[in-house]
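>>> structure of the sequence below:
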Amino acid sequence: MNSTRTAPPLTGGRWSLANATEESVSSLRTEVFDHVRATLAADGRPHGPDDLFGIELVISELLTNAFRHGGPRRIDVLLAFPDHDFWIGVFDTNPRRLPCIDGTVPGLKSNGQGMRLVDAFTDRRWGSAALPDGKYVAARCTIPEAEHTARPAASHTPATDGTAWLLQGLPPAARASAVRRWSEGKTVPLPTGTHFDVVTTEPHRARNALQLLNALGISPGPVLRANAAVHFLVPPGATWPTGTGLHHAAGQTLMAPRPGTPNWLNTPDGTGSLTDAALLADVIAHTVHLPAPAPEPAP
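Got it, this is the predicted structure:
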């Protein structure tokens, strides 16, 4: 039997998905989020690609949980916009597995922490209830103003200590040359594998990962955008799962500009703080199902 959905009305929305599959749930996620964006635009509140990231994540997590833990594959979705907020309710047919906040320290598990993110983006405004034939999970988010994006601010502050810290990864004889190259506005090849390793991922996945870290109240280590990719500095010798990003360990180089320049999304601050690799893998994994933003139209 094929999956079926009822068409949502223009304001608010209601969907019913029978015999859900991974593909039909993915399509439903997109349809629900597109409806949210279209409803806000029709109300005179259009938003850019990044402005509704928190709402998009809440939709995705609740639908994904309903599919993974919901018993027979029936999912019902209800949307509303009370008092200029976004509200979603999701029903599935498993009353025995109510969602909860995983007590594990973030990053120590590769899954099971999605509700922690929902909790952060909804300011703890979510709940669940067991019903005779299933369960109901609801969440409420504040809709951000269109001109504001919940993106963590990039740090562009020059950092002498950060420069010294990066130089520690070079042989002493090469440090004067590196300082000269940075003073000329050039990049310096920094070896990976001793002072730090590097994890490289696509810009939209990195942006979402930074937002998730920010929502969890965790500051990442140095993060560099270069060559149409984003590079996270992680501890040397870190274990990294395949399929989540590209891990650069010993024997490779990172072409790095001077700390404090705009390409550093999070500039080295001299403390030696690096992004925990297990945590980074966790938050990047939470962004895998999110689509890349549409390319900007040519001028």
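>>> wait, isn't residue 256 in contact with residue 166?
Yes: using CB atoms under 8 Å, residue 256 is in contact with residue 166, at 6.6 Å. All C-beta spots, glycine's among them, are computed from the backbone N, C-alpha and C.
>>> touching both of those two, which residues are there?
188, 190 (CB atoms under 8 Å, 6 or more residues apart in numbering).
>>> can you list the residue ranges for helices in the stretch 101-250 of the chain?
Taking DSSP state H, counting those that start in this stretch, the helices of the stretch 101-250 of the chain run over residues 114-121, 160-167, 172-183, 203-215.
>>> I'd like the ones you listed as CSV, with distance to residue 47 appended.
As requested, those are exported to CSV (distance: least, CB to CB, whole Å):
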stretch, distance to residue 47
helix 114-121, 15
helix 160-167, 35
helix 172-183, 39
helix 203-215, 15
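>>> how about those helices in TSV, adding distance to residue 197, mean pLDDT and mean neighbour count?
Below are the helices of the stretch 101-250 of the chain laid out as TSV (distance: least, CB to CB, whole Å; pLDDT from 0 to 100; neighbours: other CB atoms under 10 Å):
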stretch	distance to residue 197	mean pLDDT	mean neighbour count
helix 114-121	25	76	21
helix 160-167	14	74	18
helix 172-183	19	76	13
helix 203-215	16	83	21
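>>> correct me, but residue 100 touches residue 118?
No: between residue 100 and residue 118 there is no contact under CB under 8 Å: 11.0 Å.
>>> who are the packing partners of the longest helix along the chain?
With secondary structure taken from DSSP state H, the chain has its longest helix at helix 22-42. The contact analysis (3 or more CB pairs under 8 Å, 6 or more residues apart in numbering; DSSP states H and E) places helix 22-42 against strand 13-18, helix 53-69, strand 74-80.
>>> of those, which approaches residue 184 most closely?
helix 53-69 (37.7 Å; CB to CB).
>>> which strands or helices does the closest one pack on?
When contacts are defined as 3+ CB pairs under 8 Å, 6+ apart, helix 53-69 sits against helix 22-42, strand 74-80, strand 85-92, helix 114-121, strand 134-142, helix 203-215.
>>> could you redo the last one with a cut-off of 6 Å?
Judged by 3 or more CB pairs under 6 Å, 6 or more residues apart in numbering; DSSP states H and E, helix 53-69 is in contact with helix 22-42, strand 85-92, helix 114-121, strand 134-142.
>>> where does pLDDT dip in the stretch 51-200 of the chain?
102-114, 146-161 (pLDDT under 70).
>>> now render the helices and strands packed on helix 53-69 as TSV, adding distance to residue 77.
Below are the helices and strands packed on helix 53-69 laid out as TSV (distance: least, CB to CB, whole Å):
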stretch	distance to residue 77
helix 22-42	6
strand 85-92	6
helix 114-121	15
strand 134-142	11
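>>> and of the ones you listed, who's closest to residue 180?
Using CB to CB, the helices and strands packed on helix 53-69 put helix 114-121 closest to residue 180, at 44.2 Å.
>>> neighbouring contacts of the closest one?
Residues from elsewhere that reach helix 114-121, judged by CB atoms under 6 Å, 6 or more residues apart in numbering: 54, 57-58, 61, 99, 101, 126, 139, 215.
>>> can you tell me which of the residues you listed lies closest to residue 69?
Distances from residue 69 to the contacts of helix 114-121, taken by CB to CB, are shortest for residue 99, at 8.2 Å.
>>> number of nearby residues for that closest one?
20 (other CB atoms under 10 Å).
>>> go on, residue 37?
18.
>>> also residue 249?
Neighbours of residue 249 (other CB under 10 Å): 15.
>>> what's near enough to touch it?
So residue 249 contacts 193, 197 (CB under 6 Å, 6+ apart).
>>> repeat that for residue 137.
Residues counted as contacts of residue 137 (CB under 6 Å, 6+ apart) are 62, 90, 99, 128.
>>> bridging residues for the second one?
On the basis of DSSP bridges, residue 90 takes part in beta bridges with residue 77, residue 137.
>>> where does it sit relative to residue 136, distance-wise?
Plainly put, residue 90 is 7 Å away from residue 136 if you go by CB to CB, to the nearest Å.
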